[in-house]
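Student: coords please:
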Amino acid sequence: MDEIAQVPGRIRELREILEISAMDMAKDVGIPRETYAAYESGESDIPISALYKIAGRLGTDITVLLTGEEARMDTASVCRAGKGVRVERYPGYEFSSLAYNFKCRTMEPLQVYLDPEKEPASPVRHSGQEFNYVVRGKVRVTVNGRSHDLEEGDSIYFDARLPHGQSAIDGPAEFITIIQE
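Tutor: Modelled structure (predicted):
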């Protein structure tokens, strides 16, 4: 079973250990009760911003939710090539967490892999700001309905509260994203 499939169970288990009802959890993190229930049951993908809020309410690091283990580093954390925690967020969009082992992160650097054969996901929005830097291929970044076609070496910085999404153009693509909550 891949790591992302285990996240809802980890959330539910920690919530139950802390004796927090699902209704209180949803209210505390500002997520509609039905949406939270879909996250915890695994019916819906959990946005990274929601994972941060849930981890905060549970008094743990997001790494615990993603991997089942505590982050260990507090001065520096090295992530060797190909060794990040890899997660398929939804078909056609996989990412590797590049700083998963650093305690109390205030931003989330991810390496994202896009498969052009899969249908792009619906636009998302979350708190904070986001930076994308194209490493390989071509990426279409759509922010608030406006598309920006980026090539290797190009980057974009935007308000992540606006609806946004990324898709590959003309073949597989890869980019680095840094999400600041």
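
Student: where does this structure dip in pLDDT?
Tutor: The chain contains residues with pLDDT under 70 at 1-4, 88-90.

Student: longest single helix anywhere in it?
Tutor: helix 3-17 (DSSP state H).

Student: which residues does the residue nearest the centre of the chain contact?
Tutor: Centroid-nearest residue in the chain: Ile48, 3.4 Å away (criterion: C-alpha atoms, centre = their mean). By C-beta atoms under 8 Å, 6 or more residues apart in numbering, the contact set of Ile48 is Glu108, Leu110, His126, Ile179. In this view, the C-beta of every residue, glycine as well, is placed from N, C-alpha and C.

Student: Could you give the bridge partners of the first one?
Tutor: The partner list for Glu108 in beta bridges (DSSP bridges) reads Ile179.

Student: quick one: it and Ile17, what's the gap?
Tutor: Distance of Glu108 to Ile17, given as C-beta to C-beta, to the nearest Å: 25 Å.

Student: Of the two, which one has the most company?
Tutor: Comparing Glu108 with Ile17 by other C-beta atoms under 10 Å, the one with more neighbours is Glu108, at 22 against 9.

Student: where do the helices sit along this protein?
Tutor: 3-17, 22-29, 33-41, 48-58, 62-67.

Student: From Lys83, how far off is Glu34?
Tutor: With C-beta to C-beta as the criterion, Glu34 and Lys83 are 37 Å apart.

Student: Please disregard the earlier target; I meant Arg161.
Tutor: Taken as C-beta to C-beta, the span from Arg161 to Lys83 is 32 Å.

Student: and the residue nearest to Pro163 when sequence neighbours are not counted, how far is that from Pro8?
Tutor: Of all residues not flanking Pro163 in the chain, Pro123 sits nearest, at 3.7 Å (C-beta to C-beta, 6 or more residues apart in numbering). Taking C-beta to C-beta as the measure, Pro123 falls 23 Å from Pro8.

Student: who's more crowded, these two?
Tutor: More neighbours surround Pro8 than the other of Pro123 and Pro8, with 18 against 14 (other C-beta under 10 Å).

Student: isn't that one right next to Ser41, touching?
Tutor: Yes - using C-beta atoms under 8 Å, Pro8 is in contact with Ser41, at 6.4 Å.

Student: The residue lying closest to Gly30 once chain neighbours are set aside: how many residues sit nearby?
Tutor: Residue nearest to Gly30 in three dimensions, not counting chain neighbours: Lys53, with 6.9 Å by C-beta to C-beta, 6+ apart. Residues lying near Lys53 (other C-beta under 10 Å) number 19.

Student: Thr67 contacts Gly84, correct?
Tutor: No - the pair Thr67 / Gly84 is not scored as a contact, 10.7 Å apart, by C-beta under 8 Å.
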